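Participant: mind folding the following:
(chains A, B, C and D)
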There are 2 protein chains.
Amino acid sequence: MAKSKTTAAVMPPEALELVAARFKVLAEPMRLRLLQLLESGERTVGELVTETGAGQANVSKHLTLLAETGMVGRRKEGLNVYYFIADPMVFDLCKLVCGSLQKQLAQKAKAFGG
Amino acid sequence: MAKSKTTAAVMPPEALELVAARFKVLAEPMRLRLLQLLESGERTVGELVTETGAGQANVSKHLTLLAETGMVGRRKEGLNVYYFIADPMVFDLCKLVCGSLQKQLAQKAKAFGG
DNA sequence: TGACTATATAACTAAATAGTAATATAGTCA
DNA sequence: TGACTATATTACTATTTAGTTATATAGTCA
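Facilitator: Predicted coordinates for the structure are as follows:
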């Protein structure tokens, strides 16, 4: 009985792990790049390989992970597989982070004497 | 000249790495737990060690990382160091992810036949 | 001063994972 | 059917990092 803080609705550990896992998916530059490319329209694996310059196996693995977590969807068409954004929330997340980063960098710049 | 997609403002690779690094900080359950505890008010390292049940060195390392990335701030008071939320944006991020997760889980539950 | 406490840091181990090369799968077309 | 193409998967290597133990730092108080 010595705690004075309001104990805000504590998320159970399993929930925290789920949330952390989602952030982890977004914690790779290559996956962010793929999402960014898909933002302007669906693309085949081959197109993404060309546009990123990454290896085919690597791109495929990243796309599989993005699809497993529901961030992108897949659509087969003959030999090709088209990937597309399934959960646009990822862009909201990116915008928030970018805004925060910009604020911090601007502050640092000012501190240096702009 | 065979590309029909609108090439949405491409972020340079360095920017993507910065954003990814931010997500990576949030990609650990223990750090999310610490942030969640701090949401209801500042706390000393010792208090966080007690409340999480984690090791002191471990908590200290996580806090150092959170502070380096500007998500929390520190304030010394005698022997104690108080940590507090410095960028509330992290909670906006968490709320977005939680909402998305809930939607997905609800959908899965329905698919199973609720 | 010296004993004590809170926090930080260093060195280490174990686990996770991004990237790659090779291979498997599945669809197309002659 | 068999040659060909796009994608997925497997096995591997190298890197990163969470957690731990031991130690260092810095502040308090007698």
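
Participant: excluding chain neighbours, what is closest to the residue nearest the centre of chain A?
Facilitator: When Cα atoms, centre = their mean is applied to chain A, the residue found nearest the centroid is residue A:26 (3.1 Å). Distances taken as Cβ to Cβ, 6 or more residues apart in numbering or on different chains put residue B:23 closest to residue A:26, at 4.2 Å, once the chain neighbours are dropped. Where you see a C-beta, it was placed from the backbone N, CA and C, and this is true even at glycine.

Participant: counting neighbours, what do you get for the one you found?
Facilitator: 22 (other Cβ atoms under 10 Å in any protein chain shown).

Participant: the regular element (helix or strand) spanning it packs against which elements?
Facilitator: Here residue B:23, judged by DSSP states H and E, is contained in helix B:13-25. Helix B:13-25 sits against helix A:13-25, helix A:29-39, helix A:89-113, with contacts defined as 3 or more Cβ pairs under 8 Å, 6 or more residues apart in numbering or on different chains; DSSP states H and E.

Participant: now the longest one against helix B:89-113, angle please.
Facilitator: The reference is to helix A:89-113. Relative orientation of helix A:89-113 and helix B:89-113, computed by axes from the mean of the first three to the mean of the last three Cα atoms, to 10 degrees: 170 degrees.

Participant: for helix A:89-113, buried residues please.
Facilitator: Of all the residues in helix A:89-113, those buried under the rule 16 or more other Cβ atoms under 10 Å in any protein chain shown are A:89-90, A:93-94, A:96-97, A:100-101, A:104.

Participant: ok now the worst-scoring helix or strand of chain A on mean pLDDT, how far from the chain's centre?
Facilitator: Lowest on mean pLDDT, DSSP states H and E among the helices and strands of chain A sits helix A:89-113, with a mean of 93. Offset of helix A:89-113 from its chain centre (Cα atoms, centre = their mean, to the nearest Å): 17 Å.

Participant: ok now stretch A:78-86, how far from the chain's centre?
Facilitator: The mean C-alpha position of stretch A:78-86 is separated from the chain mean by 18 Å, Cα atoms, centre = their mean.

Participant: who in chain A is up against DNA strand D?
Facilitator: A:44-46, A:49, A:56-57, A:60-61, A:63-64, A:74, A:79-81 (Cβ under 7 Å from any atom of the strand).

Participant: how does it look with 6 Å?
Facilitator: Contact residues, chain A versus DNA strand D (Cβ under 6 Å from any atom of the strand): A:44-46, A:56-57, A:60-61, A:63-64, A:74, A:79-81.

Participant: mark which of these are buried, thanks.
Facilitator: Buried members of the residues of chain A next to DNA strand D, counted by 16+ other Cβ under 10 Å: A:45, A:63, A:81.
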